[in-house]
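Trainee: Build me a model:
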Amino acid sequence: MGQQQTRLYKRKNGCYAFRRRYPKDLLEHYAPARERWISTREKDKELAAREVRRLSVKFDAEMNRKRTEFGIKPLRPLSENDIGVVAARYEACALYSDEQAPEPALSETQHSELGELLTAAVKQRKMRACAPRLRRHPRYCARRA
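Mentor: Take a look at the predicted model:
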């Protein structure tokens with residue numbers, strides 16, 4: 001699971017503050033401001049975190065009221081189908097970026113030199129012999145000290 005965003009920031013005076021960006025659909029109504037900072041007036045991180053959660057709920061309620069006031073349609077929750085589409089696009093992008101930056105292959109001479117070095121290391125008992133699948137990854141075969 002990803003780490004949850006806290007929106008909790010420590011100021012120079014030692015007090016913690018709540019920071020939140022305005023939603024894109026309401027940004028033009030708050031221009032030129034792009035975000036809201038509210039002091040929690042707390043120097044204790046746990047108390048400030050509790051206050052930030054309360055302020056976050058209050059901020060979300062205010063943004064929903066503003067959407068109604070300005071006639072902006074409220075955002076709907078994601079359906080299972082929407083989540084599947086987003087996940088598929090993310091996976092496709094991740095796979096595409098992996099394919100765009102492949103690791104360079106070893107040349108025949110580099111491959112044979114590496115094989116000779118590994119064979120010599122196994123013979124000198126500096127490394128254990130590995131399963132064929134792991135021979136390409138010598139760090140898995142190294143003896144533990």
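Trainee: CA only for contacts and neighbour counts going forward, please
Mentor: Noted.
Trainee: Distance-wise, check residue 86 relative to residue 94.
Mentor: Here the criterion is C-alpha to C-alpha, to the nearest Å. By it, residue 86 lies 12 Å from residue 94.
Trainee: To clarify, my last question referred to residue 55.
Mentor: Separation of residue 55 from residue 94 (C-alpha to C-alpha) stands at 35 Å.
Trainee: The helix or strand where residue 9 lies pairs with which strands, parallel or anti?
Mentor: Taking DSSP states H and E as the definition, residue 9 sits inside strand 8-10. Using DSSP bridges, the neighbouring strands of strand 8-10 in the sheet come out as strand 16-21 (antiparallel).
Trainee: contact partners of the helix or strand just after the strand it pairs with?
Mentor: As assigned by DSSP H and E, the chain's next helix or strand after strand 16-21 is helix 27-30. Contacts of helix 27-30 from elsewhere in the structure, counted by C-alpha atoms under 8 Å, 6 or more residues apart in numbering, are 22, 33, 34.
Trainee: If anything else comes up later, I'll come back, but that's it for now.
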